[in-house]
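Participant: next one to model:
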Amino acid sequence: MKELHPHTKLRGTMSNLILGISDGMIVSLAFLTGISLNLADSKVIIMTGVAAIISSTVSMFFSGILAKRTEIDLFDADYKRELYEIENEPEEERQEMIEFYSKKGLSKADTRRIVSSITKSKTKWLEDMLLNEVHVHKDELGSPIQAGATMGLACLVGGFVPLAPYVFVGSLPTAITTSIIIAYSSLFIIGSIKGKMTKRNILASGCEMLLVGIVASLIVFGIGKVLTFA
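Facilitator: Okay, here's the model as predicted:
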């Protein structure tokens, strides 16, 4: 069985966390900004904000489950296809492996020795074909429930960041300003972390995430204005 490095094990979890937090924060910020600039009742804003956050959390939870379930189903389909080809077209599959290892710069003798060793075991042969063609190991797929729970909880936490000022700050204008500043700063930080993880420019990645939050807020604010004066 392939041994997974710690960073490989954490990669999927960190990706789900960043996606959940940023999505929850953007949705919550956009909703709260739009509704607070069209309503003056703080209690109504908080109640509707909580409802929106919970709805987004539930949606993210099930979206995470479905996304991971789809990933697993696709892997299973590739698994069955490769198994069928190994059992019914072994020579073609051996030739594919020879071509793959030859492209790595190995000599013909080394390539044939490696291929011969791997193909002695159907399990190792199948695993190697999947890694070469699908580039995913079954142990990396993880659990649909875990993926959904991670994304859902992250979305819940992210959603309450823009809401907090409305709860703890008395003045509505101050709460709006504080919420925007905290949320936008958080989005920039999250984007920067994402950039560091993906080896991108940290500043560019942070600004990208910040821009998404700004655009989302403006869109919802515009929709709120249209509905208010409709």
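Participant: which SS class is the closest residue to Ala52 other than its chain neighbours?
Facilitator: Excluding its sequence neighbours, the residue lying closest to Ala52 (Cβ to Cβ, 6 or more residues apart in numbering) is Phe31, at 4.7 Å. Using the backbone N, CA and C atoms, a C-beta is placed for each residue, glycine as well. For Phe31, the assignment made with DSSP: H, G, I helix; E, B strand; the rest coil gives helix.
Participant: which SSE is Ser217 in?
Facilitator: For Ser217, the element it lies in under DSSP states H and E is helix 202-228.
Participant: hang on, the earlier thing: what's the neighbour count on the residue nearest to Ala52?
Facilitator: 26 (other Cβ atoms under 10 Å).
Participant: now the helices: where do they sit in the protein?
Facilitator: 6-36, 42-88, 90-103, 108-118, 122-133, 144-168, 172-197, 202-228 (DSSP state H).
Participant: low-confidence ranges in the chain?
Facilitator: 1-12, 137, 139, 220-221, 224-225, 227-230 (pLDDT under 70).
Participant: just to revisit the earlier point, quick one: list the elements packing against the helix holding Ser217.
Facilitator: helix 6-36, helix 172-197 (3 or more Cβ pairs under 8 Å, 6 or more residues apart in numbering; DSSP states H and E).
Participant: so for Glu140, which of the ones you listed sits nearest?
Facilitator: Proximity to Glu140, assessed across the helices and strands packed on helix 202-228 by Cβ to Cβ, is greatest for helix 6-36 (6.5 Å).
Participant: against which helices or strands is the closest one packed?
Facilitator: On a contact count with 3+ Cβ pairs under 8 Å, 6+ apart, helix 6-36 meets helix 42-88, helix 144-168, helix 172-197, helix 202-228.
Participant: let me know the outermost residue of this protein.
Facilitator: Relative to the mean C-alpha coordinate of the chain, counting by Cα atoms, centre = their mean, the farthest residue is Ala109 (42.8 Å).
Participant: any idea how far Lys120 is from that one?
Facilitator: 17 Å (Cβ to Cβ, to the nearest Å).
Participant: try Glu82
Facilitator: Using Cβ to Cβ, Glu82 is found at 17 Å from Lys120.
Participant: neighbour count: those two, which is higher?
Facilitator: Legend: neighbour count by other Cβ under 10 Å for Glu82 and Lys120, higher for Glu82 (20 against 9).
Participant: quick check: closest non-adjacent residue to that one.
Facilitator: Closest to Glu82 by Cβ to Cβ, 6+ apart is Met129, at 4.8 Å.
Participant: next, the angle from the helix holding Ser217 to helix 6-36.
Facilitator: 30 degrees (axes from the mean of the first three to the mean of the last three Cα atoms, to 10 degrees).
Participant: and helix 202-228 with helix 144-168, angle?
Facilitator: On the basis of the same axes, to 10 degrees, helix 202-228 is oriented at 70 degrees to helix 144-168.
Participant: off-centre distance for helix 202-228?
Facilitator: For helix 202-228, the separation from the chain centroid amounts to 20 Å (computed by Cα atoms, centre = their mean, to the nearest Å).
Participant: understood, closing this out.
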